[in-house]
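**Student:** Need a 3D model of the sequence below.
(chains A and B)
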Amino acid sequence: EAGVAQSPRYKIIEKRQSVAFWCNPISGHATLYWYQQILGQGPKLLIQFQNNGVVDDSQLPKDRFSAERLKGVDSTLKIQPAKLEDSAMYLCASSLDPGQVLSEQYFGPGTRLTVT
Amino acid sequence: KQEVTQIPAALSVPEGENLVLNCSFTDSAIYNLQWFRQDPGKGLTSLLLIQSSQREQTSGRLNASLDKSSGRSTLYIAASQPGDSATYLCAVTSYDKVIFGPGTSLSVIP
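**Tutor:** Numbering: from 1, shown residues only, chains lettered A, B, ... in the order given. All right, here's what the predicted structure looks like:
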């Protein structure tokens, strides 16, 4: 079974520029998560989708971050404009069904963003 | 508000030692607890998932225990190897939210 795919793996941008990340979850997984992980910290949930609907985006800085999951499969996370404090690893994860809260999450390799 | 902590923040042991990593959470109302491994600059790899009704899970040299009443989980690694060097994170699912601890950075010295 193919894992969670993410691209790009690395991105360096200047502050105030825009950037987008892409995630393809494991086939058949209804739930998709985007996390932000600042160096030395645990991942922080930014947004959770079930199919193409948003379940939780309470920690998403909506003035600059946006995410979508068209057709309930692939997802993109965008930052516009970027700030220095957005430098972090952005992780995508998927799980079979959050309604069964026992579902295990599977993570992609992440995108390392550096804002200069 | 659920909070997850991990102690110690970093640990260095000689190869072959058995070791224990700790994870604590403030609210015992959890659905499950998951242990992950993260290599530098990489994503997370799931190691063990313990459901709220379970006390422990084992996989190879790894054993994870869960004590909901005391808000604790431990990850036991037997006969540590240099390849075990990584950051180990625990995450709890509580009220439909997944909350991660900050991780323990493990170095196994050959």
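**Student:** so which residue of chain B comes closest to chain A?
**Tutor:** Chain A sits closest to B:Phe100 of chain B, with a gap of 3.3 Å, by CB to the nearest CB. For the C-beta atoms, the positions are set from N, CA and C on the backbone; glycine is no exception.
**Student:** So that residue sits against A:Lys44, correct?
**Tutor:** Yes - assessed by CB atoms under 8 Å, B:Phe100 is found in contact with A:Lys44 at 7.4 Å.
**Student:** coming back round to it: just list the residues touching the closest residue to the residue of chain B closest to chain A other than its chain neighbours, thanks.
**Tutor:** Distance criterion CB to CB, 6 or more residues apart in numbering or on different chains; nearest residue to B:Phe100, sequence neighbours excluded, is A:Gly42 at 3.3 Å. Contacts for A:Gly42 (CB atoms under 8 Å, 6 or more residues apart in numbering or on different chains) come out as B:Val4, B:Leu89, B:Ala91, B:Phe100, B:Gly101, B:Pro102, B:Gly103.
**Student:** Recalculate using a threshold of 10 Å.
**Tutor:** A:Gly42 makes contact with A:35, B:4-6, B:36, B:38, B:44, B:87, B:89-91, B:99-103, according to CB atoms under 10 Å, 6 or more residues apart in numbering or on different chains.
**Student:** B:Ser46 - how many residues pack around it?
**Tutor:** B:Ser46 has 15 neighbouring residues, counting by other CB atoms under 10 Å in any protein chain shown.
**Student:** should've said A:Glu104
**Tutor:** Neighbour count of A:Glu104, defined by other CB under 10 Å: 12.
**Student:** and B:Glu17, which of the three is it?
**Tutor:** With DSSP: H, G, I helix; E, B strand; the rest coil as the basis, B:Glu17 sits in coil.
**Student:** which residues sit in contact with it?
**Tutor:** Residues in contact with B:Glu17 (CB under 10 Å, 6+ apart) are B:Ile77, B:Ala78, B:Ala79, B:Ser80, B:Val108, B:Ile109.
**Student:** Spatially nearest residue to the last one (excluding sequence neighbours)?
**Tutor:** So the one you mean is B:Ile109. B:Pro14 (5.2 Å).
**Student:** Return the distance of the one you found relative to B:Pro110.
**Tutor:** From B:Pro14 across to B:Pro110, the span is 8 Å (CB to CB, to the nearest Å).
**Student:** Could you do B:Gln6 as well?
**Tutor:** Applying CB to CB, the value for B:Gln6 to B:Pro110 is 25 Å.
**Student:** what pairs with residue 91 across the strands?
**Tutor:** Answering for chain A, as no chain was given. Counting by DSSP bridges, A:Leu91 is bridged to A:Tyr35.
**Student:** you looked at the wrong chain, it should be chain B
**Tutor:** B:Gln34, B:Phe100.
**Student:** Just give the number of residues close to it.
**Tutor:** Neighbouring residues of B:Ala91 were enumerated by other CB under 10 Å; the total is 24.
**Student:** Pretty sure it sits against B:Gly101.
**Tutor:** Yes - counting by CB atoms under 10 Å, B:Ala91 touches B:Gly101, with 7.1 Å between them.
**Student:** what helices or strands is the lowest-mean-pLDDT helix or strand in chain B leaning on?
**Tutor:** The helix or strand of chain B with the poorest confidence is strand B:97-100; it has a mean of 86 (mean pLDDT, DSSP states H and E). For strand B:97-100, the packing partners by 3 or more CB pairs under 10 Å, 6 or more residues apart in numbering or on different chains; DSSP states H and E come out as strand A:31-37, strand A:44-50, strand A:53-56, strand B:4-7, strand B:32-38, strand B:86-94.
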